[in-house]
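In: Sequence plus predicted model, see below.
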Amino acid sequence: MDNQQGPTNEVLLELYKKCALAKINDENARRVIMNGTLPMIYYSPRGQEVIPAAMSVNLRDDDTICTIYRGMHDMVCKGVPVDALWAEYAGKATGTCKGKGGPMHITHPESGCMLTTGIVGSSLPIANGLALSYQLRNLDNVSVAYFGDAASNIGAFHEALNMASIWKLPVVFVCQNNRYGEHTTFAKATSVNKVSDRAASYGMPGIHVDGNDAIAMYNAAKEAIDHARSGKGPVLIEAMTFRFYGHVFGDQDGYMDQAEKKRAMENDPVPKLRDLVISRGIASDAELTEMEAAIDSEIKQAIEAALSAPWPDVDELGKDVVASAV
Amino acid sequence: MVNTEEQTTVIQALNAAMADAMEQDDSIFLLGEDIADPEEGGVAGVTAGLSTRFGDSRVRSTPISEQAIVGAGIGAALNGMRPVLEIMMMNFATVAMDMIVNHAAKLRFMSGGQTQVPLTIRMATGAGLSTAGQHADYLEAWFAHTAGLKVVTYSNPADAYGLLQSCIFDNDPCIFIENFLSYSVKGGAPEKGSRVPLGKAKVVREGSDLTIVCYGAQVSIALSVAEKFAAEGVSVEVVDLRTISPWDQETVFTSVAKTGRLVVSHEALKAFGVGAEIAAVVQQELWSSLKAPVRRAGAPTCPVPYSRPLELAFMTSVEDLETEARLLLK
C-alpha cells in the first residue's frame, strides 16, 4: 500500500458522522421492531459501520454501489436519505421504492445506490455492469459491490471477479467478513483463511484489512478506489468485522460463539472511532453528543413521518411491471 | 416494410438488426460467448463481422460465465446502456436464472420505477439436431411466467429483424428466442430500421373454420396443415403470435370468434405450456363462441431425446397438429 497518510481531520469527522448515522439508525430500527411499532424483516449491520463509512468518504456522489440485504449502513453512508428509507421500511407510498421493495431491496439512484439484492453474491455481477458502462463511455466513475464473506463461496463471485479482471473494470469488491454466513462460521464454510487470498486467483490486488479500524480501512478504501478509478482494474478488499445482532434480527444466535461475540461488542468500532476523534482534538465530546442527538432526532422524525404516510394504492400492482402497457 | 423481391435469411436479418441498431445508438453493445470475429462471430455466426465493424470493446467475447454476462448486462442497463446479450443455448440460461428472474425482470417494479433494465437476451434452441436434453429445450413458458419479462420469437427474416430491433429499443428486458434450424429460412428482406411492434400477433393465413395459434418454427408447420385442410375444403386461419408474452389477445380473440375452433401449437412441452394459458383464457372469454373445446399440440413430457426416431417423435410435427385439428372438426 503506497498511501498510508490516513484521512484529514475533516474527513475523519465526516467518516465518524457516517458511522454514527448508521449506528443510530440501526438502534432505532431494532427499537421499533422490539416495541412492535414497526415489525419488519431486518438484517442488522451493527458493528460493520466503519467499512462503508470509509469507502463512502473516498467515493464521489456519482459513483455507484450495489449492496445486499444487510446493507443499511452501506446505503446511508452513500447518502440514501433516512426519510425515504424509513418510509420504504414501513411499506409506504413515500418510500424510496413506493413500498414495492422493502428493507431488502432499497434502491436510490440519486445517491448512487443502484441495487440492494436479497440474493447472496448477486451484487457482484451487476456492479461489474455498472463499471462496464463507465468503461464503454470513457467515464472515470467507480462502482462498488458490497457483500459478505459467505458470498465468496457462491459461483457469482468467481464469475464476476474473473470478468472484472480480464476487462480491467473500474469496480471495487468489498467483502465485509463478519465471521458468519447465515448461521455457519466462515471457517467451517470456506476453503481459505482469508477471502483476500482469492484475489490472486483472479490476478487482481487483494487487501486484507481490519474493517473496524477507521484509519486502516480509510487507507485501504482510498488505495482500492484510486486504483480502480485510474483504469488499473478491480480490487478485492476483505474487511474484517463482526455482526452484533445475528443473521436476521431476532434470531437466538445460539450458533454464535458467545465469548467471541462479547469480545467483539466490547470492541465496538464506532465508540472507538469517537474516542479517536476526540483525542485528536477534532471535536469535543459535547459537540459529538450534539451531532448524534441531531441525527437521532432526524431519524425519529423520519420514523414518525413514515408511520403516518399513506399506503401505496393497490393499483400499484399493475404499475412499474413493464415500462408501459404494450 | 418488407421487400418481397429481395430475399434474405433469418441469420442475415438478425445480424443486420444488431448492426443497424448499433450504428444508430452508441449505447448498444453486445456481449456473449464467442461472439467476436476472432472467435468466429458466435456459435452459429449470427454476430459475424460486427466486432470487426464496431470494435471488440462494443462486441465482446466473454468467458463462459452466464451469470456474469447477464449481470454485466443488467448493471450497464441500469446506467442507461442497451446491452444485447447472446446466451449461446437457451439451456445455458438456466445457470443465469437468478440474474434474469430475480434481477432483470423485477428491478423496475422493486425500485418503484426508479430504475429500468433495457436489456435484450438472445438465446437459441431447437430440437432436430440430435443435441439431446441439455441443448434443445424450449423454456419460453418459464420466462413468460415471470412478471417483467417480454418473450419474443419470429417465423421469418423480416419479423426476426423487426422484432429484434423492437426488443433492443424497448425499455424492458426482452427474451429473444432463436431457433437453430430457422437460421437458414429465407423470406422477404426487411426495410432498414423497420420495427415489428411487441405484443402484436399477425394473421399469416386467413381462414374461417379453424384457428391455429402458434409461433416460431411452428408457423411453417401450421401453414402446411392449413394447406392440407384447404384441399379438403376446410379453411384454416393461422395466427403467428410473434410476442409470446404479453400475447396479443385481441388478434387471437377476433380470429377465434370468427372460426369458433382453436388449436394452440408449440414445440415446447404441452403440459404447463404457453398453450395451456391461451386455452384457459380463450375458453373463459369466448366460451359461447366456441364450437369445441380448445386443443393443444406440443411435445410430450420428457426431456428432448437424442436418438433420431425418438427426437422426431418428440417434435411437434405436421401430423401431430393435424391430429389435434381433426379432433376439433369432428
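Out: Arrived safely.
In: Contact partners for the spatially most central residue of chain A?
Out: In chain A, the residue lying closest to the centroid (CA atoms, centre = their mean) is A:Asp74, at 2.4 Å. By CB atoms under 8 Å, 6 or more residues apart in numbering or on different chains, the contact list for A:Asp74 reads A:45, A:52, A:65, A:67, A:113, A:146. Any C-beta I mention is one placed from the backbone N, CA and C, and that applies to glycine too.
In: which of these are buried?
Out: By neighbour count, with 16 or more other CB atoms under 10 Å in any protein chain shown, the contacts of A:Asp74 hold A:45, A:52, A:65, A:67, A:113, A:146 as buried.
In: Show the pLDDT at the first one.
Out: At A:Pro45, the model reports a pLDDT of 98.
In: Now it. Nearest residue, chain neighbours left out?
Out: Once flanking residues are discounted, A:Pro45 sits nearest to A:His73: 4.2 Å by CB to CB, 6 or more residues apart in numbering or on different chains.
In: number of nearby residues for the one you found?
Out: 29 (other CB atoms under 10 Å in any protein chain shown).
In: Pull out the CA atoms of whichever strand or helix holds the residue nearest to the centre of chain A and give them to me as PDB.
Out: A:Asp74 belongs to helix A:72-78 when assigned by DSSP states H and E. Below are the C-alpha coordinates for helix A:72-78, written out as PDB (Å, rounded to 0.1, in the frame of the first residue of the first chain):
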ATOM      1  CA  MET A  72     -28.500  -0.300   5.600                       C
ATOM      2  CA  HIS A  73     -25.100   1.000   6.700                       C
ATOM      3  CA  ASP A  74     -23.800   0.900   3.000                       C
ATOM      4  CA  MET A  75     -26.900   2.900   1.900                       C
ATOM      5  CA  VAL A  76     -27.000   5.700   4.500                       C
ATOM      6  CA  CYS A  77     -23.200   6.100   4.200                       C
ATOM      7  CA  LYS A  78     -23.600   6.600   0.500                       C
END
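In: where does the closest residue to A:Phe173 other than its chain neighbours land in three-state SS?
Out: Residue nearest to A:Phe173 in three dimensions, not counting chain neighbours: A:Leu236, with 4.6 Å by CB to CB, 6+ apart. Following DSSP: H, G, I helix; E, B strand; the rest coil, the label given to A:Leu236 is strand.
In: Give me the distance between A:Leu236 and chain B.
Out: Going from A:Leu236 to chain B by CB to the nearest CB, to the nearest Å gives 15 Å.
In: so what's residue 156 up against?
Out: Picking chain A for this. If you count contacts by CB under 8 Å, 6+ apart, then A:Ala156 has A:121-122, A:124-125, B:67-68, B:71, B:98 around it.
In: My question was about chain B, not that one.
Out: B:Asn156 touches B:10, B:185, B:187-188, B:219, counting by CB under 8 Å, 6+ apart.
In: before we move on, what about B:Phe109?
Out: A:100, A:320-321, B:147-148.
In: sorry, back to before: if you look at the contacts of A:Ala156, which of them are in helices?
Out: Within those, residues falling in helices by DSSP state H are A:124-125, B:67-68, B:71.
In: Turn those into CSV, including pLDDT, neighbour count and distance to B:Leu164.
Out: CSV is the format used below for the ones in helices among the contacts of A:Ala156 (pLDDT from 0 to 100; neighbours: other CB atoms under 10 Å in any protein chain shown; distance: CB to CB, whole Å):
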residue, pLDDT, neighbour count, distance to B:Leu164
A:Leu124, 98, 30, 29
A:Pro125, 98, 33, 24
B:Gln67, 98, 25, 24
B:Ala68, 98, 28, 23
B:Gly71, 98, 33, 22
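In: Quick check on B:Phe29: phi, psi?
Out: Per-residue torsions, B:Phe29: phi -140, psi 160 (degrees, to the nearest 10).
In: is it in a bridge, and if so with what?
Out: Counting by DSSP bridges, B:Phe29 forms beta bridges with B:Pro83.
In: Run through the residues that contact it.
Out: So B:Phe29 contacts A:136, B:22, B:57-60, B:76, B:81-84 (CB under 8 Å, 6+ apart).
In: top of those by neighbour count?
Out: Most neighbours among these, by other CB under 10 Å: B:Ala76, with 29 neighbours.
In: Just the pLDDT for that one.
Out: Per the predicted model, pLDDT is 98 at B:Ala76.
In: Run the chain-centre distance for stretch B:314-323.
Out: 19 Å (CA atoms, centre = their mean, to the nearest Å).
In: How about it, which residues are buried there?
Out: B:314-316, B:320-322.
In: next one: stretch B:201-212
Out: Of the residues in stretch B:201-212, B:201-202, B:204-205, B:207, B:209-212 count as buried by neighbour count, 16+ other CB under 10 Å.
In: hang on, the earlier thing: and the contacts of A:Asp74 as CSV, adding distance to A:Lys272 and secondary structure?
Out: As requested, the contacts of A:Asp74 are arranged in CSV below (distance: CB to CB, whole Å; DSSP: H, G, I helix; E, B strand; the rest coil):
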residue, distance to A:Lys272, secondary structure
A:Pro45, 17, coil
A:Pro52, 17, helix
A:Ile65, 25, strand
A:Thr67, 24, strand
A:Cys113, 27, strand
A:Tyr146, 22, strand
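In: possible to save the residues you listed as JSON lines with distance to A:Ala20?
Out: As requested, those are exported to JSON lines (distance: CB to CB, whole Å):
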{"residue": "A:Pro45", "distance to A:Ala20": "14"}
{"residue": "A:Pro52", "distance to A:Ala20": "13"}
{"residue": "A:Ile65", "distance to A:Ala20": "20"}
{"residue": "A:Thr67", "distance to A:Ala20": "19"}
{"residue": "A:Cys113", "distance to A:Ala20": "19"}
{"residue": "A:Tyr146", "distance to A:Ala20": "19"}
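In: And the strands in the stretch 201-330 of chain B?
Out: Counting by DSSP state E, counting those that start in this stretch, the stretch 201-330 of chain B has these strands, from start to end: B:202-205, B:210-214, B:236-240, B:243-245, B:262-269, B:295-299.
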